[in-house]
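1. any chance you can model this:
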Amino acid sequence: MSTQKSVLLIFTGGTISMAEDPQTGALKPLEFNRVREFIPELKLLDIHIESIAFTPLIDSSDVQPHHWIKIAETIEKEYEKHDGFVILHGTDTMAYSASALSFMLENLSKPVIFTGAQLPIGMLRTDAKENLLTSIEIAANSDENGVATVHEVCIYFEDSLFRGNRTTKKNAELFNAFASYNYPALVKVGVHFNFSSAHIHQNSKHTPLNVHKQLDSNIAILKLFPGITPQIVQAILHSEGLRAVVLESYGAGNASRQEWFFDALAEAVNRDIIIVNITQCNVGSVQMGRYETSLNLQKAGVISGFDLTTEAAVTKLMFLLGENFSTDIIKIKMQQPLIGEMTCDI
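-> Numbering: from 1, shown residues only. A predicted model of the protein is given here:
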């Protein structure tokens with residue numbers, strides 16, 4: 001019986017899939033067979049590699065929830081055939097996609113790794129080769145019993161594997177495009193793979209994969225800034241169909257104490273709008289009630305999102321709303337980690 005590992009590449013698009021047209025110089029998508037031509041090292045891996053490509057390939061700026069459902073359905077269909085999955089994806093919305101899939105793929109016991117590139121695969125200095133080759137190797141990695149080392153949705157870029165729902169894009173130019181500010185890297189890659197076993201989620205019960213395919217995107221992001229007007233806040237809070245708001249507040253969860261702002265939030269909460277407070281800071285957590293400027297939010301019925309990233313807060317709400325939980329249950333679950341997306345004991 002063959003012990004060769006099998007990895008499925010899900011080719012969605014993005015910079016990693018682009019190459020220059022030799023005649024026009026313009027970037028255009030490549031067929032996957034051409035990608036193999038640009039990375040002949042794939043043949044040297046002792047890993048069986050198969051691929052599925054979106055048709056047409058999509059720029060990550062065009063990614064929508066129905067694309068996440070398509071990725072999830074692909075993994076569900078191919079789950080028993082492969083030891084791991086690598087998703088080639090554009091960088092702009094990669095953290096949203098990875099966060100969404102982390103909630104959608106319940107009881108995951110195999111690695112699902114998103115990766116991409118800052119430079120197209122056809123360019124001489126591209127980072128696509130290292131990102132793709134290393135992602136495949138991690139996706140195929142297992143212990144001495146053949147059990148996958150990683151049991152979660154991740155993002156791999158440059159030399160680090162991060163938990164997907166803890167990650168955000170931090171740089172549009174450097175190769176280390178992503179960061180996980182509030183959670184350590186799961187793997188640091190150098191000469192060796194340095195796995196941080198204490199931080200990698202494990203599906204120790206090996207319960208069957210359960211794929212959730214219902215998402216509700218009736219969500220808004222309200223980012224506070226000095227001078228924000230009542231008209232703007234009211235326009236957002238009274239958007240047609242609105243069910244939840246991610247409130248990006250200051251510092252440890254603070255906001256203006258102006259009476260009109262409190263009234264607007266309280267009125268929205270009374271209409272069953274769920275408002276989740278996260279910080280605009282990259283590092284740190286919301287600590288409701290620590291300062292007087294966050295007490296008003298508590299009184300208005302706003303709940304804490306602790307150290308959720310914006311990407312995780314948005315996609316977690318989409319997932320929970322899609323599950324048709326009651327407002328009270330969603331509020332409880334938004335303040336509890338479902339799949340390691342937040343730390344509540346800060």
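
2. quick one: find the helix or strand in the chain with the lowest mean pLDDT.
-> Across the helices and strands of the chain, mean pLDDT, DSSP states H and E gives its lowest value to strand 27-29, namely a mean of 66.

3. ranges for the helices of the stretch 151-300 of the chain?
-> Secondary structure of the stretch 151-300 of the chain (DSSP state H, counting those that start in this stretch): helices located at 230-237, 259-270, 292-300.

4. how about those helices, which one is nearest residue 246?
-> Ranking the helices of the stretch 151-300 of the chain by proximity to residue 246 (C-beta to C-beta) places helix 230-237 first, at 10.7 Å. Where you see a C-beta, it was placed from the backbone N, CA and C, and this is true even at glycine.

5. got a list of contacts for the closest one?
-> 220, 222, 242, 245, 260-261, 264-265, 267-268, 273 (C-beta atoms under 8 Å, 6 or more residues apart in numbering).

6. nearest to residue 78 among those residues?
-> Looking across those and measuring by C-beta to C-beta, the closest to residue 78 is residue 220, at 35.0 Å.

7. narrow the contacts of helix 230-237 to just the buried residues.
-> Buried by 16 or more other C-beta atoms under 10 Å: 220, 222, 242, 245, 261, 264-265, 268, 273, out of the contacts of helix 230-237.

8. could I get those as JSON lines with distance to residue 42 and pLDDT?
-> Shown next, in JSON lines, are those (distance: C-beta to C-beta, whole Å; pLDDT from 0 to 100):
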{"residue": "220", "distance to residue 42": "43", "pLDDT": "98"}
{"residue": "222", "distance to residue 42": "45", "pLDDT": "98"}
{"residue": "242", "distance to residue 42": "46", "pLDDT": "98"}
{"residue": "245", "distance to residue 42": "45", "pLDDT": "98"}
{"residue": "261", "distance to residue 42": "55", "pLDDT": "95"}
{"residue": "264", "distance to residue 42": "55", "pLDDT": "96"}
{"residue": "265", "distance to residue 42": "53", "pLDDT": "96"}
{"residue": "268", "distance to residue 42": "52", "pLDDT": "97"}
{"residue": "273", "distance to residue 42": "49", "pLDDT": "98"}
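
9. give me the neighbour count for residue 286.
-> Applying other C-beta atoms under 10 Å, we find 26 residues neighbouring residue 286.

10. so where is the stretch 101-250 of the chain shaky, pLDDT-wise?
-> Along the stretch 101-250 of the chain, segments meeting pLDDT under 70 are nowhere present.

11. which stretch among the helices of the stretch 151-300 of the chain comes nearest residue 192?
-> Across the helices of the stretch 151-300 of the chain, closest to residue 192 is helix 292-300 (C-beta to C-beta), at 44.3 Å.

12. neighbouring contacts of the closest one?
-> Outside helix 292-300, the residues touching it (C-beta under 8 Å, 6+ apart) are 247, 249-250, 252-257, 261-262, 265-266, 269, 275, 277, 286-289.

13. per-domain residue ranges of the chain.
-> As recorded under automatic domain parsing, the domains making up the chain are 5-211, 219-334.

14. residue 43: which of the helices of the stretch 151-300 of the chain is closest?
-> Nearest to residue 43, of the helices of the stretch 151-300 of the chain and by C-beta to C-beta, is helix 230-237 at 52.4 Å.

15. just the strands in the stretch 151-300 of the chain please.
-> Along the stretch 151-300 of the chain, counting by DSSP state E, counting those that start in this stretch, strands occupy 153-157, 160-163, 168-169, 178-179, 187-189, 193-195, 210-211, 219-223, 244-249, 274-279.

16. Throw those into TSV and include distance to residue 64, thanks.
-> Output for the strands of the stretch 151-300 of the chain, formatted as TSV (distance: least, C-beta to C-beta, whole Å):
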stretch	distance to residue 64
strand 153-157	18
strand 160-163	23
strand 168-169	18
strand 178-179	21
strand 187-189	30
strand 193-195	34
strand 210-211	18
strand 219-223	13
strand 244-249	18
strand 274-279	22
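
17. looking at the ones you listed, which is closest to residue 85?
-> Closest among the strands of the stretch 151-300 of the chain, using C-beta to C-beta: strand 153-157, at 9.2 Å.

18. given that closest one, what are its sheet partners and their directions?
-> When pairs are called by DSSP bridges, strand 153-157 turns out to pair with strand 112-115 (parallel), strand 160-163 (antiparallel).

19. just those strands: most buried one?
-> Neighbour counts (mean count of other C-beta atoms under 10 Å) averaged over each of those peak at strand 112-115, with a mean of 28.

20. next helix or strand past that strand?
-> Using DSSP states H and E, the next helix or strand after strand 112-115 towards the C-terminus is helix 128-139.

21. which one, of the strands paired with strand 153-157, ends up nearest to residue 172?
-> Here strand 112-115 is closest among the strands paired with strand 153-157 (C-beta to C-beta), at 16.8 Å.

22. just the C-alphas of the closest one, formatted as CSV.
-> The C-alpha trace of strand 112-115 is given here as CSV (Å, rounded to 0.1, in the frame of the first residue of the first chain):
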residue,chain,number,x,y,z
VAL,A,112,-6.3,23.7,4.6
ILE,A,113,-3.6,26.2,3.7
PHE,A,114,-4.2,29.5,1.8
THR,A,115,-1.2,30.9,0.0
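
23. please compute how far it lies from its chain's middle.
-> Here strand 112-115 shows a centroid-to-chain-centroid distance of 10 Å under the convention C-alpha atoms, centre = their mean, to the nearest Å.
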